[in-house]
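*Asks:* Build the 3D model from these lines:
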Amino acid sequence: MRIAVPKESVSGETRVAATPETVKKLASSGNDVVVQSGAGTAAGHPDSQFTDAGATIANDFAATVSGADAVVKVQKPSSEELAQLPEGSIFVGYLDPLTDEDTARALAARKISAFAMESIPRTTRAQSMDSLSSQATVSGYKAVLIAADESPKFLPMLTTAAGTVRPAKLFVIGAGVAGLQAIATARRLGAIVSGFDVRPAVAEQVESLGAKFVVIDLGTDDAETSGGYAKELTDEQKKLQTELMSQTVIESDIVITTAAIPGRKAPELIPEEVVNQMAPGSVIIDLAAETGGNCTLTQAGETVVHNGVKVIGPKNLPATMPLHASQLYAKNVSNLLELMIGEEGAVNVDFSDEILDGACLTHGGTLKKEAADGSFAPPAPVEEAAEESTTTPAEG
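*Replies:* Numbers count the residues shown, from 1 in each chain. Model (predicted):
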């Protein structure tokens, strides 16, 4: 298999889809790996490390993907990049499979077998390929560091000759991977930590990290989807949740929110009137900023100061820690690629494998998946889809 690793073209994206470690592993199995010059520089991997690992360096995107059986990226391809992907090749990366119909149809038009990293099934066997979890780990960790930097308070209790400093109170809303990592990191830094999730079953995980689980009865005993995500609440449950969480939010020095629903706008959990009652100097880190935010004041990529409270909406936190984020993501990608390599080293995409079938967005000129909200038309031959669509692929 000839595997291409282009340089990311999206502004601010510092990660790379392969590292010298994964290149060495793939090359040792007989694969030909081509890396675009500079692809790993921002992640701490100069070209020399890739050549030492067995890769060939190409000067630009076109040369990198030329003749490739598989192209691996972090972000989805731009329209210019997509036009240069070899027809019939494999593409692996983030593809916004629930919302970006244009890119999906454009990939189908080139008969690309596209695998969305967001769609890796959340099963035990697929854990080593689950990039949503690996990158959420980075986000949860970094969120606490940002909060500690932005807060005017120490996180731990300090006893000094000048008196005792009380520890900060930190509240994490959402106890998925990012939330649990945030809880663990905040506890290591000495904060008094509490957490909440609509799934009562995660209370034990929160408490095992030394945090208090905030009990709010929303009548959601069965609040988890088969994929491991929290189910969307009814309007009545959302209102009740906001009301019952408000006091904990108001009393906290730092609030980190992580609640998100794949393919949907993030639920609003902290209204402006609650922020108005928080103490000046309090900090909200909204990890759902890119999908609308859990706080009504959140602006993606911005810091909003409201009545002395900082509402921070970070974007693409994994890209702020590119070395380890790339290390984790590259292993996810490498493990997925190994499922596509047959015994003789040739490409062998077996859709009887639940992981490959679940992650595949397009194959053989056809859309394999529809958007969750039904906005994608049913799978159709690419010739028909191409005639009906007049839009161009979204930029990466």
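*Asks:* Point out where this structure drops to low pLDDT.
*Replies:* 218-233, 343-345, 369-396 (pLDDT under 70).
*Asks:* got the contact list for residue 298?
*Replies:* 284, 286, 288, 289, 292, 304, 311, 313 (CB atoms under 8 Å, 6 or more residues apart in numbering). All C-beta atoms are positioned from the backbone trio N, CA, C, and that covers glycine.
*Asks:* one more time with 7 Å
*Replies:* If you count contacts by CB atoms under 7 Å, 6 or more residues apart in numbering, residue 298 has them with 286, 289, 311, 313.
*Asks:* Quick check: nearest residue in space to the second one, chain neighbours excluded?
*Replies:* Excluding the flanking residues, the one nearest residue 289 by CB to CB, 6 or more residues apart in numbering is residue 313, at 3.1 Å.
*Asks:* Equivalent analysis for the first one, please.
*Replies:* Nearest residue to residue 286, sequence neighbours excluded (CB to CB, 6+ apart): residue 298, at 4.4 Å.
*Asks:* Which helix or strand contains that neighbour?
*Replies:* Of the helices and strands defined by DSSP states H and E, none includes residue 298.
*Asks:* again, but for the one 3 residues further on
*Replies:* Secondary structure from DSSP H and E places residue 301 outside every helix and strand.
*Asks:* Settle this for me: it is touching residue 317, isn't it.
*Replies:* No. Using CB atoms under 7 Å, residue 301 is not in contact with residue 317; the gap is 11.2 Å.
*Asks:* Provide the contact partners of the helix or strand containing residue 143 at residue level.
*Replies:* If you go by DSSP H and E, residue 143 is part of helix 131-150. If you take CB under 7 Å, 6+ apart as the criterion, helix 131-150 is touched by 117-118, 120, 155, 176-182, 185-186, 189, 254, 256, 283, 285, 287, 310, 312, 314, 317-318, 320-321, 324-325, 328-329, 332.
*Asks:* Could you list the buried residues of that helix?
*Replies:* 131-148, 150 (16 or more other CB atoms under 10 Å).
*Asks:* As PDB, could you dump the C-alpha coordinates of that helix?
*Replies:* C-alpha atoms of helix 131-150 as PDB (Å, rounded to 0.1, in the frame of the first residue of the first chain):
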ATOM      1  CA  SER A 131      -9.700   9.400  17.800                       C
ATOM      2  CA  LEU A 132     -12.600  11.300  19.300                       C
ATOM      3  CA  SER A 133     -11.600   9.800  22.700                       C
ATOM      4  CA  SER A 134      -7.900  10.300  22.200                       C
ATOM      5  CA  GLN A 135      -8.300  14.000  21.200                       C
ATOM      6  CA  ALA A 136     -10.900  14.600  23.900                       C
ATOM      7  CA  THR A 137      -8.300  13.600  26.400                       C
ATOM      8  CA  VAL A 138      -6.100  16.400  25.200                       C
ATOM      9  CA  SER A 139      -8.900  18.900  25.300                       C
ATOM     10  CA  GLY A 140      -9.900  18.000  28.800                       C
ATOM     11  CA  TYR A 141      -6.400  18.300  30.100                       C
ATOM     12  CA  LYS A 142      -5.700  21.600  28.300                       C
ATOM     13  CA  ALA A 143      -9.000  23.100  29.400                       C
ATOM     14  CA  VAL A 144      -7.900  22.900  33.000                       C
ATOM     15  CA  LEU A 145      -4.600  24.500  32.300                       C
ATOM     16  CA  ILE A 146      -6.300  27.400  30.500                       C
ATOM     17  CA  ALA A 147      -8.700  27.800  33.400                       C
ATOM     18  CA  ALA A 148      -5.800  27.800  35.900                       C
ATOM     19  CA  ASP A 149      -4.000  30.400  33.900                       C
ATOM     20  CA  GLU A 150      -7.100  32.700  33.500                       C
END
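*Asks:* quick revisit: for the contacts of residue 298, which entry has the maximal number of neighbours?
*Replies:* residue 286 (29 neighbours; other CB atoms under 10 Å).
*Asks:* residue contacts, that residue?
*Replies:* Taking CB under 7 Å, 6+ apart, we find residue 286 in contact with 257, 293, 294, 295, 298, 311, 312, 313.
*Asks:* separation between it and residue 84?
*Replies:* To residue 84, residue 286 is 37 Å away according to CB to CB, to the nearest Å.
*Asks:* In the stretch 1-150 of the chain, mark out all the strands, start to finish.
*Replies:* According to DSSP state E, counting those that start in this stretch, the stretch 1-150 of the chain carries its strands in the segments 2-5, 32-36, 56-58, 70-72, 90-93, 113-116.
*Asks:* Include mean neighbour count and distance to residue 242 when you put those into CSV, please.
*Replies:* CSV is the format used below for the strands of the stretch 1-150 of the chain (neighbours: other CB atoms under 10 Å; distance: least, CB to CB, whole Å):
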stretch, mean neighbour count, distance to residue 242
strand 2-5, 26, 44
strand 32-36, 23, 47
strand 56-58, 17, 52
strand 70-72, 27, 41
strand 90-93, 25, 36
strand 113-116, 27, 32
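*Asks:* closest one to residue 363 among those strands?
*Replies:* Set against residue 363 and scored by CB to CB, the strands of the stretch 1-150 of the chain come closest in strand 113-116, at 4.6 Å.
*Asks:* Now do that closest one: which elements does it pack against?
*Replies:* Contacts defined by 3 or more CB pairs under 7 Å, 6 or more residues apart in numbering; DSSP states H and E place strand 113-116 against strand 90-93, strand 360-363.
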